[in-house]
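Peer 1: no sequence on this one, just coordinates:
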């Protein structure tokens, strides 16, 4: 067979194949016609793996929805949303952020107002967590995590107990929550962190340590370098499950919740698929999967938890009364100034 | 040099009529490429540094030097630059002192061992900076190898604070840049004949004097090149200061990253990048000029 004959056959086969694919795409109900892709802007690592294991593979793949992950830290994700704001077609269909960051994005007017009729599971959301610009995915609260072999604190105020001098540690990334905790001790409140600054400086003088990441805090707790740190209860669960000798106490000064939320950008190209993602995200089984592995509490009231998880992760009715929901507006306005102060005065 | 130029002369350059010299066009593709991939991003970054930052708008078009004014009027950022320069100088000087004997040893090693020695020198470069810094963290931490060994040997009873100190950063940076200095000096030492050292020693110089008075001045181009290369790397170090210095250790490159990636303040981050770039450039040119003057007199 000559080369040109071989080429002709290949061309014929290619055209037949392309024709078949084109016909299939036009047929309603075919696999091609059903295929949808949703791009989810998210954190990588465990969070992405759990999205894949609990949402994408078991719930969306059978419906023909393919999930692609745009992995990165939160700040670049926020930048992308703002930079693409004026474009008719954005690159993300669903975007995951913390409640504080998501509020800022709502102020920047880049998020779709959610139509709850398009994801029926929204009816099961815990009402206090629902917002019109984002669906809550998981949540936890700021507690005091401590080593029970060395300390027995009752609240954030015990971080200033001279017996624990030099044994208090902070995660650098939680600077807002750290200042907030100090403010609650010093008479401040959710809308005024200023009193916490002088209080935090006292702790710095007493030898408090700051670590570059949550993982570094965990290592310091394990080695005995520190005995206590303000942290999410979910992290305390993860660390205790990993063999680190820690317990947590819901501080008497109040518990600041943290929510990780998912929203749909205004310029999402696949809004239907985005709503399908939100619907799957709130399925009880998917929510239970995140609780089991990551220690975050489900945001729906129909996700069953084992008694053990219920006891370790959730917040009792009495604790929930002490929830201090962040003043998002105050934080949005003061975030940069708080970061600067933390860097110069606490870390400097 | 003249001979080299003559061999490259074209007919047109020799004045042969009727031919056009197209040689300069040969550099056009490379020049164009450099302009696109190097100069354009730098110019763009400079333009960004003149913009204004807004948390919700991200970046507002402007033509203002306020980001530079903020840097130079803020003692915090001036201290960050000063600390960066100090760490870079200390690390470069220590690297030079450590590299000289190693480079000399490799240059004077028998030919059959030389390849293996050079491979050993290059070997650490196969591992990324962040991975090496993570290794140092395991060594230097309070519960790390070093402290455990010292406590185990009964030399200390409480861990010594090494990690998250300037010492940890300097040690980590030296470990990263040492191969560059060794290779730069070794390549020039190869060209310095052993007979020159022998002649100096025949005339009564000790081996150390022969090295200091004969070998070192001849190896100075390699020393200058290595020092400049290492100084630039030290000024721009990122992973090592972040991982071994901890959040309380502030130097320039992590600040650039922090402003651009964490704070989303591209204009100020761009201004920091330019301050770092020009500080490095000025200090490198100045030090090279001083050393060259000193050794060419």
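Peer 2: Yep, that arrived. Every value quoted in this text rests on a predicted model; they were computed, and no experiment measured them. Numbering: from 1, shown residues only, chains lettered A, B, ... in the order given.
Peer 1: Around chain A, which positions in the stretch 51-200 of chain B sit nearby?
Peer 2: B:55-58, B:76, B:141-143 (C-beta under 8 Å from any C-beta of the partner chain). Yep, even glycine has a C-beta here, placed from its N, CA and C like the rest.
Peer 1: Just the buried residues out of those residues, in ChimeraX syntax.
Peer 2: ChimeraX command restricting these to the buried ones, with burial defined by 16 or more other C-beta atoms under 10 Å in any protein chain shown:
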select /B:55,58,141,142,143
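Peer 1: would a markdown table of the residues of the stretch 51-200 of chain B next to chain A with secondary structure and pLDDT be doable?
Peer 2: Output for those, formatted as a markdown table (DSSP: H, G, I helix; E, B strand; the rest coil; pLDDT from 0 to 100):
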| residue | secondary structure | pLDDT |
| --- | --- | --- |
| B:55 | coil | 81 |
| B:56 | coil | 81 |
| B:57 | coil | 83 |
| B:58 | strand | 85 |
| B:76 | helix | 94 |
| B:141 | coil | 87 |
| B:142 | coil | 83 |
| B:143 | coil | 82 |
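Peer 1: Just flag the most distant two among the residues of the stretch 51-200 of chain B next to chain A.
Peer 2: Largest separation among these by C-beta to C-beta: B:57 and B:143, giving 46.2 Å.
Peer 1: Now tell me what touches stretch B:284-292 from outside.
Peer 2: By C-beta atoms under 8 Å, 6 or more residues apart in numbering or on different chains, the surrounding residues in contact with stretch B:284-292 are B:220, B:223-224, B:227-228, B:231-232.
Peer 1: for stretch B:38-54, same thing?
Peer 2: B:59-68, B:264-268, B:270-271, B:273-274.
Peer 1: That stretch: end-to-end distance?
Peer 2: 28 Å (C-alpha to C-alpha, to the nearest Å).
Peer 1: Of all the residues in that stretch, which ones are buried?
Peer 2: Neighbour counts over stretch B:38-54 (16+ other C-beta under 10 Å) mark B:45, B:48-53 as buried.
Peer 1: Mind checking which of those land in helices?
Peer 2: B:45, B:48-49 (DSSP state H).
Peer 1: Nearest to residue B:95 among the residues you listed?
Peer 2: Set against residue B:95, the nearest of those by C-beta to C-beta is residue B:45 (29.1 Å).
Peer 1: who are the neighbours in contact with the residue nearest to residue A:158 when sequence neighbours are not counted?
Peer 2: Spatial nearest neighbour of residue A:158, chain neighbours left out: residue A:164 (6.8 Å); criterion: C-beta to C-beta, 6 or more residues apart in numbering or on different chains. Residues near residue A:164 by C-beta under 8 Å, 6+ apart: A:151, A:153, A:158, A:227-228.
Peer 1: how about 10 Å then?
Peer 2: When contacts are counted by C-beta atoms under 10 Å, 6 or more residues apart in numbering or on different chains, residue A:164 touches A:146, A:150-151, A:153, A:158, A:203, A:206-208, A:226-228.
Peer 1: now residue B:244
Peer 2: Residues near residue B:244 by C-beta under 10 Å, 6+ apart: B:132-134, B:136-137, B:140, B:162-173, B:237.
Peer 1: Would you mind checking those residues for buried ones?
Peer 2: Looks like the contacts of residue B:244 have B:132-133, B:136-137, B:140, B:162-173, B:237 buried, using 16+ other C-beta under 10 Å.
Peer 1: still on that earlier bit, so which of the contacts of stretch B:284-292 are in helices?
Peer 2: Counted as lying in helices by DSSP H, out of the contacts of stretch B:284-292, are B:220, B:223-224, B:227-228, B:231-232.
Peer 1: Now for the contacts of stretch B:284-292: which two are most distant?
Peer 2: Among the contacts of stretch B:284-292, the pair separated by the greatest distance (C-beta to C-beta) is B:220 and B:232, at 18.3 Å.
Peer 1: Below-threshold pLDDT in the chain: ranges please.
Peer 2: Assuming you mean chain A. Along chain A, segments meeting pLDDT under 70 span A:1-34.
Peer 1: please go with chain B instead
Peer 2: B:1-19, B:295-297.
Peer 1: can you pull out the strands in it?
Peer 2: B:52-54, B:58-60 (DSSP state E).
Peer 1: other SSEs contacting the last one?
Peer 2: It stands for strand B:58-60. Judged by 3 or more C-beta pairs under 10 Å, 6 or more residues apart in numbering or on different chains; DSSP states H and E, strand B:58-60 is in contact with helix A:74-83, strand B:52-54, helix B:266-296.
Peer 1: Okay, now the sheet partners of it, with direction.
Peer 2: When pairing is defined by DSSP bridges, strand B:58-60 lines up against strand B:52-54 (antiparallel).
Peer 1: can you give me how far the partner strand is from the chain middle?
Peer 2: The chain centroid and the centroid of strand B:52-54 are separated by 32 Å, computed with C-alpha atoms, centre = their mean, to the nearest Å.
Peer 1: any idea which helix or strand carries residue A:279?
Peer 2: Element membership of residue A:279, judged by DSSP states H and E, is helix A:271-281.
Peer 1: so what secondary structure elements neighbour that helix?
Peer 2: Packing partners of helix A:271-281 (3+ C-beta pairs under 10 Å, 6+ apart): strand A:36-42, helix A:45-51, strand A:65-71, strand A:94-98, strand A:135-146, strand A:257-263, helix A:284-294.
Peer 1: Relative to chain B, which of those is closest?
Peer 2: Judged by C-beta to the nearest C-beta, the one of those that comes nearest to chain B is strand A:94-98, at 13.0 Å.
Peer 1: between that closest one and strand A:65-71, how many degrees?
Peer 2: If you take axes from the mean of the first three to the mean of the last three C-alpha atoms, to 10 degrees, strand A:94-98 sits at 40 degrees to strand A:65-71.
Peer 1: residues in the stretch 201-348 of chain A within reach of chain B, list them.
Peer 2: Applying C-beta under 10 Å from any C-beta of the partner chain, we find that the stretch 201-348 of chain A lies next to chain B at A:204, A:209-213, A:216, A:219-220, A:222-225, A:332-333, A:335-336, A:339-340, A:342-348.
Peer 1: Just to check, residue B:131 is in contact with residue B:239?
Peer 2: Yes. If you go by C-beta atoms under 10 Å, residue B:131 and residue B:239 touch, sitting 9.0 Å apart.
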